[in-house]
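Asks: next come a sequence and a model predicted from it.
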Amino acid sequence: MTRPSRARAALLIVAVAVSGCGVAVAPPPVDPGRSSAQVVQFPSLDVAADPERLRQHLEALMTLAAANGGVRTVGTAGYEVSVDYVAGQLADLGWRVDTPEEPFIGFRELPGARLEVGDEEFAAPDELRALIYSAGGDVTAPIAVMSRSGCDPDDFAGVPGGAIAVTAFGGCLRRQQVTNADAAGAAAMVLVYHDRGPGQILRPTLLAPDGIDIPAVTVTAEAGRALEDADGEEAHLVVHTEREPGTLRNVIAELGDGERVVMLGGHLDSVIDGPGINDNGSGVAALLEIARGIGEAGVPDGATIRLGFWGGEEFGILGSSAYVDGLADAERTAITAYLNLDMVGSTNGLTFVYADGHAPRGSGGITIDYEVWLEGRGLPSARLDLGGASDHRAFAEAGIPTGGIFSGATDVLSPEQARLFGGTAGAPTDPCYHLPCDTVDNVDLERAALHADATLAVALRLATQ
């Protein structure tokens, strides 16, 4: 999942514990996207996601990553073989499959990045990481520690021209902070993770290389303390990056031949710094199990079910955006809903249902469908405004109703959430988010299977409307 900002949208917790047997589901509340008289009814299904098959898909993706430098990042051999694997699995299940190419700008951090502060040196990749689409550079300049985030241009009022700007605050897109730093005349931007040590720092994306002309890096808590202690003194920052045009492949699959199209998707690429098995191998595996289930249950008359496995989500929601932008007006209109699966098996996770505040008309009905299906099985859920931080954003911006389900990333589980969903309060929902430890062991298979079952039921209900 792309996290352009460390700040997450506010959670809208709506779950209550319900008994596991004999739950009477009340009619859903009034929603602008649906009739208040409509009763939520789901098709009867004899299929369910199999945790063992989910494991097999995840192990296959892990094997492909291990054979290709430990990653499945877009633009790498690990991603290309992941595309081939998914396309082959879908073809074997009887789906019509295509792998269209889309242009994109690739990114690599080359070896040798380091930060020198006095007698201390902090080196990539464990203690320093260039943000995706950062410029390269070799900068020796005074340190300017900021008391604010840099989200507002006025935050740089006290930063001298040519300085290395340092902040430990977020609250907006990292791109906004870096472009503000550049406009203020800073020579480089350093973002400090005061809660993370070596090997634990994240690598946010700047979304696009355009307008990014200075080096921008994240550093550990120790490096941050060294910079703060040396405020006003000189530091030396070296960053080598490569930003070059390339092509990525999405995987698009269809079953059925009706005019109404219900679409499901999730991103296939991993981050630069790990194999991406929960993020988002879990969504990929869930979609493959859903593809099997739809094949067995059948596509409702008058409908087509379409699946999208997207490239470049971790760089800035690239593949799904290119797909939606390439649709003709009639093709967009035919898509009645898009459901997104991104990180559905977090080991300390929960069941978040998408409830983005600015989602198109009809999206609220999808949220309610998920909630009613879960409540009918005695299961709690929580609403979450993702703020467009995954591939559903491209569809929402095109006016297509969107929804989805999510198990958490860096979100810290609250005591109330731990009581409702299980897990450890005070710990992150995914302890290996965007890190090398995001392996098969980092996935709760039962949770991923539950989220696949919920999405299959909602998708087939939408296809019958």
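Replies: Right, received. Where do you want to start? Numbers count the residues shown, from 1 in each chain.

Asks: chain center to the host helix or strand of Leu287: distance?
Replies: According to DSSP states H and E, Leu287 maps onto helix 282-297. With CA atoms, centre = their mean, to the nearest Å as the basis, helix 282-297 stands 19 Å off its chain's centre.

Asks: got the buried residues for it?
Replies: 282-295, 297 (16 or more other CB atoms under 10 Å). Yep, even glycine has a C-beta here, placed from its N, CA and C like the rest.

Asks: same question for stretch 328-347.
Replies: So for stretch 328-347, counting by 16+ other CB under 10 Å, buried means 334-347.

Asks: cool, stretch 174-188 as well?
Replies: Those buried within stretch 174-188 under the rule 16+ other CB under 10 Å are 174-182, 184, 186-188.

Asks: do stretch 353-361 as well
Replies: 353-356, 359-360.

Asks: cool, stretch 370-382 as well?
Replies: Result for stretch 370-382 [16+ other CB under 10 Å]: buried residues 370-375, 379-382.

Asks: what's the span of stretch 161-170, first residue to last?
Replies: 22 Å (CA to CA, to the nearest Å).

Asks: show residues contacting it.
Replies: Identification of contacts with stretch 161-170 by CB atoms under 8 Å, 6 or more residues apart in numbering yields 5-7, 139, 141-146, 148-151, 156, 159, 177, 181, 184-194, 224, 227-228, 231, 235, 237.

Asks: pull out the buried residues from it.
Replies: Quick answer for stretch 161-170 (16+ other CB under 10 Å): 163-170.

Asks: again with stretch 121-133
Replies: Counting neighbours by 16+ other CB under 10 Å, stretch 121-133 gives 122-125, 127-133 as buried.

Asks: show me the beta-bridge partners of the closest residue to Asp430 other than its chain neighbours.
Replies: Nearest residue to Asp430, sequence neighbours excluded (CB to CB, 6 or more residues apart in numbering): Ser346, at 4.1 Å. With DSSP bridges as the criterion, Ser346 is bridged to Val443.

Asks: count the neighbours of Ala157 for me.
Replies: Counted with other CB atoms under 10 Å, residues neighbouring Ala157 total 10.

Asks: ok, now Leu268?
Replies: Neighbourhood size, Leu268 [other CB under 10 Å]: 30.

Asks: so where is this structure shaky, pLDDT-wise?
Replies: 3-39 (pLDDT under 70).

Asks: now the helices for it?
Replies: Along the chain, the segments classed as helices by DSSP state H run 51-66, 77-92, 174-183, 221-229, 282-297, 313-316, 318-325, 329-334, 363-375, 392-397, 415-421, 445-464.

Asks: give me the domain ranges for this protein.
Replies: The record's domain parsing of the chain by automatic domain parsing lists 11-105+246-464, 108-242.

Asks: can you lay out those domains as CSV showing distance to Met1?
Replies: Shown next, in CSV, are the domains of the chain (distance: least, CB to CB, whole Å):
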stretch, distance to Met1
domain 11-105+246-464, 5
domain 108-242, 11
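
Asks: and stretch 166-186, how far from the chain's centre?
Replies: Distance of stretch 166-186 from its chain centroid, counting by CA atoms, centre = their mean, is 22 Å.

Asks: could you number the chain from 46 rather than 1 from now on?
Replies: Taking 46 as the first residue, the last one we looked at is stretch 211-231.

Asks: contact partners for Gly453?
Replies: Contacts of Gly453 (CB under 8 Å, 6+ apart): 388, 391, 393-395, 397, 473-475.

Asks: also Tyr383?
Replies: Counting by CB under 8 Å, 6+ apart, Tyr383 touches 308-310, 437, 440, 445-448.

Asks: 7 Å instead?
Replies: 308, 310, 437, 440, 445, 447 (CB atoms under 7 Å, 6 or more residues apart in numbering).

Asks: Pro473 now?
Replies: Taking CB under 7 Å, 6+ apart, one finds 393, 455-457 in contact with Pro473.

Asks: same check on Gly356?
Replies: 119, 124, 293-295, 313-314, 363-364.

Asks: the same query, at a cut-off of 6 Å, please.
Replies: 119, 293, 295, 314, 364 (CB atoms under 6 Å, 6 or more residues apart in numbering).

Asks: count of neighbours near Val432?
Replies: One correction, residue 432 is Gly, not Val. Number of residues near Gly432 (other CB under 10 Å) recorded here: 16.
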